[in-house]
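Enquirer: quick one, structure for this:
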Amino acid sequence: MQVSRGLAGDLAAVGQQARAAEALGFDLLTAEETAHEPFSRMTLAAEHTSRARIGSSVVIAFARSPYVMAHQAWALQKFSGGRFSLGLGTQVKGHIERRFSMEWGGQPGPRLRDYVLCMRAIWDTWQNGTKPAYEGPFYRFTLMNPTSSAGPIEHPEVNVVLAAVNPYNARLAGEVAQGIVLHSFTTPRYTHEVLLPAFEEGARRAGKSPAALEVRGGGFVVTGRDEQEVAVAREQARRRVSYYGSTRSYSAVMKLHGWDDEAALLHRLSVEGRWDEMTEVVTDEMLEQFAVVATWDEIPGALAERYGGVATSVAIGLEPRDGGEEEQVAALIEEIRGIPVYAGLGDPEWVG
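Expert: Residues are numbered from 1 along each chain as shown. So this is what the prediction gives:
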């Protein structure tokens, strides 16, 4: 099992943060597109490391054209020596239009398929000099001159993984990408009954072995040195669950568990801007489905129970304060790395 962590905080601290994380044994360092721009963080992380993979978790596809995204990914793949992994997500209509100031366009699943295929056509032209002749239902790439071409690189196979909350994008991840990013807003039951079967169906359509693909573990990992820290982290996770649960595009997760009324209430409260009241809707029972909750000492076993045979990597925040804690965190990472990884479901009767 690979162990990943996010790159957070001030941009000036990212280099040191990345070096320290690599020294502790983290395998994958990721940047997400929430409060901070991700590509500058990933570039700094690549500059200050030599072993760890660098990736996004995720960047928003529809906030950029396929050509702009292809350029940024190509540059990072070259700069990192082939360690880059492009995690893409679609976001939802409200954020694309009202936060990113872009047109939504509709049909996010089919549009994302076209987006990935268009990027691959661009990379093929840069690497192999093929004629730019891609024309899809949403995007086209039919013009390239020598002055504009980014040119070939040593590691041209850019790893693309797609975020998925719903089955269409899960199938798409198996079919056109090298893996799937399971959303934080998922449960073990939803993962086993909905997402992974769709993911494997997509892989089979493309003639791939699901076991050869990447599965980044979903859900929240709530941990701390002691029960007091865990309690604080648990409430932070409860707030995030309430936020995601208010999004109608993610309602299928709630519906599977019979939480339709709670989803409707969360959405209404979010529309009314009553954010603090939303956390009261998320019960302890609900939170346990969305999050692994354990102290540092307990976390390897808890992660093995939740992610063993289900993922190829898991994200966890472990911040040592001193040399003694650095040794402890390095040992925890090594223990987590021993968890068996996803190799295909193999147990369709799993019920959670």
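
Enquirer: report the buried residues of stretch 104-121.
Expert: By neighbour count on 16 or more other C-beta atoms under 10 Å, the buried set for stretch 104-121 is 104, 108-109, 111-121. Backbone N, C-alpha and C define where each C-beta goes, glycine included.

Enquirer: next: stretch 338-347.
Expert: 339, 341-342, 345.

Enquirer: now those residues as CSV including secondary structure and pLDDT?
Expert: Below are the buried residues of stretch 338-347 laid out as CSV (DSSP: H, G, I helix; E, B strand; the rest coil; pLDDT from 0 to 100):
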residue, secondary structure, pLDDT
Ile339, coil, 97
Val341, coil, 96
Tyr342, coil, 95
Leu345, coil, 80
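
Enquirer: closest to His183 out of the residues you listed?
Expert: Checking the buried residues of stretch 338-347 against His183 with C-beta to C-beta, the nearest one is Tyr342 at 16.0 Å.

Enquirer: quick check: phi and psi on that closest one?
Expert: Torsion angles at Tyr342 (phi, psi; degrees, to the nearest 10) stand at phi -60, psi 130.

Enquirer: returning to what we had before: would you mind giving the buried residues of stretch 338-347 as TSV with distance to Gly6 added?
Expert: As requested, the buried residues of stretch 338-347 are arranged in TSV below (distance: C-beta to C-beta, whole Å):
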residue	distance to Gly6
Ile339	20
Val341	21
Tyr342	21
Leu345	28
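
Enquirer: which of the residues you listed lies closest to Leu24?
Expert: Nearest to Leu24 among those, counting by C-beta to C-beta, is Ile339 at 17.2 Å.

Enquirer: quick check: that closest one vs Thr130, distance?
Expert: 42 Å (C-beta to C-beta, to the nearest Å).

Enquirer: element containing Leu287?
Expert: Assessed by DSSP states H and E, Leu287 sits inside helix 284-290.

Enquirer: contacts for that helix next, please.
Expert: Residues outside helix 284-290 that contact it (C-beta atoms under 8 Å, 6 or more residues apart in numbering): 184-189, 219-220, 234, 237-238, 241, 257, 259, 262, 293.

Enquirer: now with 6 Å?
Expert: Under the contact criterion C-beta atoms under 6 Å, 6 or more residues apart in numbering, helix 284-290 has outside partners 187, 219-220, 238, 241.

Enquirer: where is pLDDT lowest across those?
Expert: Lowest pLDDT among those: Gly219, with 92.
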